[in-house]
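Undergrad: A structural model of the following input is requested.
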Amino acid sequence: MTLKTSRIRKAVFPVAGLGTRFLPATKAVPKEMLTVVDRPVIQHVVDEARAAGIEHFVFVTGRGKAVIEDHFDIQYELERTLADRGKTKELEALIADLPVAGQASFTRQQAPLGLGHAVWCARDIIGDEPFALLLPDMLHHGPTPCLKEMIDAHRATGGNLIAVAPVPEDQTHQYGIVGVTDADEKVARVTQMVEKPAKGTAPSNLHITGRYILQPEIFDLLARQEKGAGGEIQLTDSMIRLMTDLDQPFHAVRFDGTIYDCGSKIGFLTANIAYGLERADLAPALKTEIERLMARPRS
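TA: I've put the predicted structure just below:
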C-alpha cells in the first residue's frame, strides 16, 4: 500500500464531550471554553496547530457547543466597541486569533459514541489525505509545539504518528500505552498498542498523550462502528487494526515538554498556575498571592 506522505494541512478537534467532571461549570459552558488564564483551552490547542502549519481546522461539535463556533467567528459589536474606545491592542489580538474565511469547518456528532466515532464524523471534510488529530483536553507545553515536532518527524517517516510521554510505572494501567523499538529515542517505531494494560503487563511506560497524525484509511476501519471498551467506538482499536491488519507503520514521537490534562480539575488548576507564572504581566503578583495562600494556617 502506498501511504499518503503529503503535507499535513488539516487537523481535527473533537469537542463534543459533555464535560461532566466539571459540572456545574459546564452545564451551560462547553468545557473547551473554560479558560487557562485568559484564553479558552480550545484556543490554546488551536494555537499549537496553527504554529505547526495547519491550514484547515475541523471541529467535531455537539449540542450546546455553538459558542465554540462563535468564538472562532467575527463579533461585529465587540470589535466596533473596541475600535470606538481605542482599545487597539485588544482588537488586534482578537483579529489575530481568527481563522481565515473558509479555514474552519464544523460538523456534528449527534450521539456520544466515543472518540473513534467523533473522528469518523470528520471523514468527508478530511477526504483522502493524512491529517492531524488533537484532543483539546490535553495541553502540550514546551519550547517547540508538540504537533510541529510530529509533522517534522512525518516528513521523514511517513505513515502514522502518535505523541507519547513517560508516566510512572505504577500508573501505566490508567493510560493507553505503546511498545516501541527503543524507548529512549525521540522517534521510534511502534510495536504494540494497549489500552489501559493490567498492572505489570505494560510494554513500556510511554503513554499516548492526545496528539496523532493518521492516514485516511482509518476512516474505513472506523466505519465498521465496532464498539470496544465502555461500549464506545474506540480510536485505539482501529489504530491497532491499521497497524496489524493493514500493515501501516506507526511511530511514536516523544514529547519532552509538560502536559496538562485539563480534563481533570487538578490538571486544569495546575495549567492556570503554570501559564500564569509565565506571563510577565501576571507572574510577580501571582507568586505573591501563592506564597500568601501557602502561608495561611491550615484549618
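Undergrad: now the closest residue to E79 other than its chain neighbours, what's its secondary structure?
TA: Excluding the flanking residues, the one nearest E79 by C-beta to C-beta, 6 or more residues apart in numbering is L91, at 6.1 Å. Where C-beta positions appear, they are placed from N, C-alpha and C, glycine not excepted. Under DSSP: H, G, I helix; E, B strand; the rest coil, the three-state class of L91 is helix.
Undergrad: residues in contact with L91?
TA: If a contact means C-beta atoms under 8 Å, 6 or more residues apart in numbering, then L91 has E79, L82, A83 as its contacts.
Undergrad: could you measure from it over to S264?
TA: Relative to S264, L91 is positioned 35 Å away (C-beta to C-beta, to the nearest Å).
Undergrad: and I126, by the same measure?
TA: Distance of I126 to S264, given as C-beta to C-beta: 29 Å.
Undergrad: try L23
TA: 14 Å.
Undergrad: same thing with V60?
TA: Where S264 is concerned, V60 sits at a distance of 22 Å (C-beta to C-beta).
Undergrad: please apply the same query to I125.
TA: Going from I125 to S264 by C-beta to C-beta gives 30 Å.
Undergrad: cool, and H140?
TA: Counting by C-beta to C-beta - H140 and S264 are separated by 15 Å.
Undergrad: neighbour count: the two, which is higher?
TA: A direct count of neighbours by other C-beta atoms under 10 Å for H140 and S264 places H140 higher, at 23 against 13.
Undergrad: isn't the more buried one up against D256?
TA: No - in this structure, H140 is not within contact of D256 by C-beta atoms under 8 Å, at 10.3 Å.
Undergrad: what ranges do the helices span in the stretch 151-299 of the chain?
TA: Shown for the stretch 151-299 of the chain, the helices assigned by DSSP state H, counting those that start in this stretch span residues 218-222, 235-244, 265-277, 283-295.
Undergrad: turn those helices into JSON lines, including mean pLDDT and distance to P40.
TA: Conversion of the helices of the stretch 151-299 of the chain to JSON lines gives the following (pLDDT from 0 to 100; distance: least, C-beta to C-beta, whole Å):
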{"stretch": "helix 218-222", "mean pLDDT": "95", "distance to P40": "28"}
{"stretch": "helix 235-244", "mean pLDDT": "92", "distance to P40": "24"}
{"stretch": "helix 265-277", "mean pLDDT": "97", "distance to P40": "12"}
{"stretch": "helix 283-295", "mean pLDDT": "95", "distance to P40": "20"}
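Undergrad: who wins for proximity to Q171 among these?
TA: Closest approach to Q171 among the helices of the stretch 151-299 of the chain (C-beta to C-beta): helix 265-277, 13.8 Å.
Undergrad: for ChimeraX, what selects the buried ones among the contacts of L91?
TA: In ChimeraX, a selection of the buried entries from these looks like this (16 or more other C-beta atoms under 10 Å):
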select :82
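Undergrad: strands - which of the contacts of L91 land there?
TA: Here DSSP state E is the test, and those give no hits in strands at all.
Undergrad: next step: the contacts of L91 restricted to helices.
TA: E79, L82, A83 (DSSP state H).
Undergrad: excluding its backbone neighbours, what's nearest D256?
TA: Leaving aside its chain neighbours, D256 sits nearest to G142 (6.6 Å; criterion: C-beta to C-beta, 6+ apart).
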